[in-house]
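1. turn this into a structure:
(3 chains)
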Amino acid sequence: MSPSDTDPLWELPKPPSTRRVPAKRDSASRRSGKGRRQPAESDPIARVVVDIPLAHLDRTFDYQVPREHDADAVPGCRVRVRFAGKLVDGYLVERAATTDHTGRLSYLERVVSRERVLPPALLTVCRAVARRYGGTLADVLRLAIPPRHARVEAEPPRAPAAPPSEPSGDGWSHYPRGPAFAAAVRQGRAAHAVWQALPGEDWPRRLAELATIVAGQGRGAVLVVPDHRDVARLYAACAELAGADAVVALSAGLGPAERYRRWLAVVRGAVRIVVGTRAAMFAPVADPGLYVVWDDGDDLHVDPHAPYPQVRDVLMLRAHADAASLLVAGHARTAEAQLLVETGWAHEITPAREVLRTRAPRVTPTGEDFDVARDEAARAARLPAVAFEAARTSLAAGAPVLVQVPRRGYVPGLACARCRTSARCRRCAGPLLIPGARESGTPCCRWCGVPDPSYRCPACGSGRLRAVVIGAVRTAEELGRAFPGTTVRTSGGGDVLVEVPARPALVVATPGAEPVADGGYGAALLLDGWALLGRQDLRAAEETLRRWMAAATLVRPAREGGRVVVGAEAGIPAVQALVRWNPGWHAALELAERGELGFPPHVRMASVEGSPDAVAALLDEIDLPDSGEVLGPVPLGEVDEEGRAERERALLRVPREDGKALAEAIHAVRGVRDARKVAEPVRIQLDPLALV
DNA sequence: ATCGTCATTTGT
DNA sequence: CAAATGACGATC
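-> Numbering: from 1, shown residues only, chains lettered A, B, ... in the order given. Now for the predicted structure:
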């Protein structure tokens, strides 16, 4: 403690004096020195979570509360404590009268501020998330609580918003179960639903209606979307309906001051509706009544920091803990969401078939043997005739055309040369690849490493395999030449358009970066289906459909001429699902298939990644439940002549019901390794999204 | 980083 | 056999 803490005059300039300064410092330091500190009279013990990411220190530690900090040391506040000789940050989670600790207790070094940044409900959530992922509470708290900004904390607090008047929620009448869900939310019942939005649906408005209903009841709502463009749209809708003072937007890139300012408004209970990207999944709204995740299949919903929590899963934990409603929403549907439906945990909210017919665009598949357009320039761009015609018609009608092109950098995989079925390992059903990304050689399983020199396609019996390579991205220029005189705009990478006007233009976008078109696109061309579907990833089909639907939903209804041309064979389930606009059917298929192959979400998996020695050591130490399996390890990245790589990965697999045991095993093995100060890092991720 | 514990070495 | 030294592990 510095003298300035006990002597308010310390830092003021002092008149010249003959008094000896050291004498004054002596008395000040003695007053605050260790020997002189007195414990608070009531509840002198503070239980503290220290901000140290070591698994064996993942518990609370007891300290004494010095009498002078008695009033400030409130549960949930930030503190500084001396821990093993070092000053570290921590959170005071509880005041108590007694301690179990037998040794001497240190005093809290400092109460950073009285602000209760870790209220009990947030602590409960963070503990649950840490348990769920086999991670530490300190790691989760870092994701959940933004860094302090002292000046912002000292500002006058934001005035609490008055409950907004309730909207009608009529927009939900297009969905047979929609009104019932809205009513359940209004009545404060814990309703769970998986919502499939209509094509062209004003989904920000629909979600804003639900959030406003909840806020109207004086309760809170947390709505999480993939990126900041979605945040902007959803925030605007909520602010319009509930009033700007009832809503905050939380997204990355706000800057530390503004981020903390808005977050403080939430934790202080001044706002009822939080709209944000993934970090907002922890937003500590008061009295939560509704949690929403939009487009839960988007990989942006996984936080890239340990323990890598996923938004849908965290919101499920919260909804359960708070007896709040949960809405898993999107145009498409993940296998995980389908599991919620099939187990009866959630109801599905799907559009009425007759409404769907009036809203969906007309979808035309065009496989590999398409008729190339006769037009010379279109031929050069390798445009199928139907695609060329659809685009030309749209442009002639004055409407923009969306062209979806894949991002670069997908890992090529192997598929049957005849029927295109993905090649999978016969032992563990992992994806087959030729090591070293070479043209020829023996295919090996990417998961368990077992070579399969005599692979035969289980679907058609063919023994020939072909690499599914990513086709060259058609450049905007190439397309532009097929439509001379047409404006070509691009959206993707670091340069993402939010909206385009209702004028003729070609809009070339990568998945996830499609701008919204004023009045809708006249057509969308989804031309690189093979590139998307051919990715050697567990989620390739689901992900492809999700991206197609995200693009197709921006197109006008068929009866207004809206057309979607998809560059893939009509027989492929994902194409069928798009044509019939039935993502639920596809998700059910996907889920069933994953069940047969022993994949998530029927099982829980964890990936273990690091140097070969480190991975081997960890696999040796981990105490898996009897039902657990180890797949691999297999090399990652470049492989030398003997098939060795710098890094390896193994997968752990358990039946779903043993997920808890898997998380506990991961936490335990981390504890042992951290305690031994094993330097070699191993990345352990539960429920990894990519299982390439 | 620092402290306490416990085993080992050293001094009587 | 007691005191000094040091390795180790927990860390309030």
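2. what secondary structure does A:Ser454 sit in?
-> coil (DSSP: H, G, I helix; E, B strand; the rest coil).
3. pull the contacting residues for it.
-> Taking C-beta atoms under 8 Å, 6 or more residues apart in numbering, we find A:Ser454 in contact with A:Gly463. Where C-beta positions appear, they are placed from N, C-alpha and C, glycine not excepted.
4. if we use 6 Å, what do you get?
-> Applying C-beta atoms under 6 Å, 6 or more residues apart in numbering to A:Ser454 gives no contacts.
5. quick check on it: phi, psi?
-> When read as degrees, to the nearest 10, the backbone of A:Ser454 gives phi -120, psi 50.
6. how far away is A:Leu597 from A:Gly659?
-> Noted for A:Leu597: a distance of 18 Å to A:Gly659, by C-beta to C-beta, to the nearest Å.
7. ok, now A:Val603?
-> Taken as C-beta to C-beta, the span from A:Val603 to A:Gly659 is 9 Å.
8. next one: A:His301
-> Distance from A:His301 to A:Gly659, by C-beta to C-beta: 19 Å.
9. more neighbours: those two, which one.
-> Neighbours were counted for A:His301 and for A:Gly659 using other C-beta atoms under 10 Å; A:His301 has more, 24 against 21.
10. find the nearest non-adjacent residue to the more buried one, please.
-> Leaving aside its sequence neighbours, A:His301 sits nearest to A:Val311 (C-beta to C-beta, 6 or more residues apart in numbering; 4.0 Å).
11. for that neighbour, list the residues it contacts.
-> By C-beta under 6 Å, 6+ apart, A:Val311 lies in contact with A:Val224, A:Arg278, A:Met281, A:Val293, A:His301.
12. from the residues you listed, which is closest to A:Val355?
-> Checking those against A:Val355 with C-beta to C-beta, the nearest one is A:Val293 at 23.7 Å.
13. ok, then the element right after whichever strand or helix holds the closest one?
-> Here A:Val293, judged by DSSP states H and E, is contained in strand A:288-294. Helices and strands here follow DSSP H and E; after strand A:288-294, the next one along the chain is helix A:311-322.
14. for that following helix, output the C-alpha coordinates as PDB.
-> Extracted C-alpha coordinates of helix A:311-322, given in PDB (Å, rounded to 0.1, in the frame of the first residue of the first chain):
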ATOM      1  CA  VAL A 311     -22.600 -19.600 -28.300                       C
ATOM      2  CA  ARG A 312     -25.500 -22.000 -28.700                       C
ATOM      3  CA  ASP A 313     -24.100 -24.300 -26.000                       C
ATOM      4  CA  VAL A 314     -23.400 -21.400 -23.500                       C
ATOM      5  CA  LEU A 315     -26.900 -20.000 -24.100                       C
ATOM      6  CA  MET A 316     -28.400 -23.400 -23.400                       C
ATOM      7  CA  LEU A 317     -26.500 -23.600 -20.100                       C
ATOM      8  CA  ARG A 318     -27.800 -20.100 -19.200                       C
ATOM      9  CA  ALA A 319     -31.400 -20.800 -20.300                       C
ATOM     10  CA  HIS A 320     -31.300 -23.900 -18.200                       C
ATOM     11  CA  ALA A 321     -29.800 -22.200 -15.100                       C
ATOM     12  CA  ASP A 322     -32.100 -19.100 -15.300                       C
END
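15. now do that helix: distance to the chain's middle.
-> Centroid displacement of helix A:311-322 relative to its chain, using C-alpha atoms, centre = their mean, to the nearest Å, is 13 Å.
16. and what of stretch A:291-308?
-> Remark: stretch A:291-308 is offset 1 Å from the chain centroid, using C-alpha atoms, centre = their mean.
17. how about the CA coordinates for that stretch, as CSV?
-> Extracted C-alpha coordinates of stretch A:291-308, given in CSV (Å, rounded to 0.1, in the frame of the first residue of the first chain):
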residue,chain,number,x,y,z
TYR,A,291,-31.6,-15.9,-25.0
VAL,A,292,-31.3,-16.0,-28.8
VAL,A,293,-28.6,-17.2,-31.1
TRP,A,294,-28.9,-16.4,-34.8
ASP,A,295,-27.3,-18.7,-37.4
ASP,A,296,-25.9,-21.1,-34.9
GLY,A,297,-23.9,-23.0,-37.5
ASP,A,298,-21.6,-20.0,-38.2
ASP,A,299,-18.1,-20.8,-37.0
LEU,A,300,-17.8,-17.2,-35.7
HIS,A,301,-19.9,-18.5,-32.8
VAL,A,302,-17.0,-20.3,-31.3
ASP,A,303,-14.7,-18.2,-29.2
PRO,A,304,-11.1,-18.7,-30.3
HIS,A,305,-9.8,-18.4,-26.8
ALA,A,306,-9.6,-21.3,-24.3
PRO,A,307,-11.8,-23.1,-23.4
TYR,A,308,-13.3,-22.3,-26.8
